[in-house]
Structure formats: C-alpha cells, structure tokens
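Undergrad: mind folding the following:
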Amino acid sequence: MSKFTLPYTFFILFLTVHYLYYRVFKAERHFRSALKVLKYNQHSSTLPNRYDTLLNNMGHVLRKLGKYPDAIEFHKKALHMSPQDAASYSSIGLIYCMMGEWNKAVESLDYVGGHTFAPVI
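TA: Sure, this is the predicted structure:
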C-alpha cells in the first residue's frame, strides 16, 4: 500500500496538471484553496514535510505571475521542510536573477554548485 492516500495523490496531480498547462491564474487559486484546506499559515510551519512539493509548485506559479517576493517565500518554506532540495535553491536563484539581485542569485546558485545533495528517490 502506498504511503500516500489516494485523495492526496490525485489532489497533487490535479494541481500539477494545472501548473504544467500554464493555467497559472487558476493554478494560483487552486493552490491557495489547497493551502486553506490544509490550514496552512504562512507565519508558521503547520504542514507536514511531504507538502514541500506543494509549496515549491506554488512558488513556481507565483514566479510566472511576477510575484517574485512571494515566490521566494514559498520556496524558502519548502527548503525548511526539505533542506537538501537543490531545485528549491535553483528556483530561488532564478527568481533573484529575474529581480536583478545578482549577489543573492549567485549566493543561492553557488550553494547548489558547492554542495552534494542526497538523490531524490
């Protein structure tokens, strides 16, 4: 039996499909609804670590909408849950590049280049 419940898997799949098909406005609304259902409070760590993907995907959606500071915050929350996630560091670096904050971008991207991360299975 899978460690994830069937509704959780379909829910994440549904949100990811919205994101992948560039329906970012609807995706943002659905991600926010999901976070509300999960009783997520941005000012506290109220989600189990398995939801780091949800927070990262929300960060990607916000980046596509040009909401860069909010996107960075969601990626940082995901990093708090999964500190070995190189993709989160890369995403943060990309956003800082888009904002023209080169020193912060280099710092984030250097962190990825200078560390050995555990493979994601």
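Undergrad: what helices or strands is the helix or strand hosting residue 69 leaning on?
TA: Using DSSP states H and E, residue 69 falls within helix 68-81. In terms of contacts (3 or more Cβ pairs under 8 Å, 6 or more residues apart in numbering; DSSP states H and E), helix 68-81 is packed against helix 52-64, helix 86-99. Bear in mind the C-beta positions are built from the backbone N, C-alpha and C, glycine included.
Undergrad: tabulate those (CSV), appending mean neighbour count.
TA: Compiled in CSV, the helices and strands packed on helix 68-81 are given as follows (neighbours: other Cβ atoms under 10 Å):
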stretch, mean neighbour count
helix 52-64, 22
helix 86-99, 19
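Undergrad: and the pLDDT for residue 79?
TA: On pLDDT, residue 79 comes in at 91.
Undergrad: neighbours of it, how many?
TA: By other Cβ atoms under 10 Å, 19 other residues sit near residue 79.
Undergrad: OK, contacts around the closest residue to it other than its chain neighbours?
TA: Leaving aside its sequence neighbours, residue 79 sits nearest to residue 88 (Cβ to Cβ, 6 or more residues apart in numbering; 4.7 Å). Residues counted as contacts of residue 88 (Cβ atoms under 8 Å, 6 or more residues apart in numbering) are 52, 56, 59, 75-76, 78-79, 82.
Undergrad: kindly recompute the last result at 10 Å.
TA: By Cβ atoms under 10 Å, 6 or more residues apart in numbering, the contact list for residue 88 reads 52, 55-56, 59, 74-82, 108, 112.
Undergrad: and it, how far from residue 48?
TA: 17 Å (Cβ to Cβ, to the nearest Å).
Undergrad: then residue 97?
TA: For residue 97 relative to residue 48 (Cβ to Cβ), the value is 31 Å.
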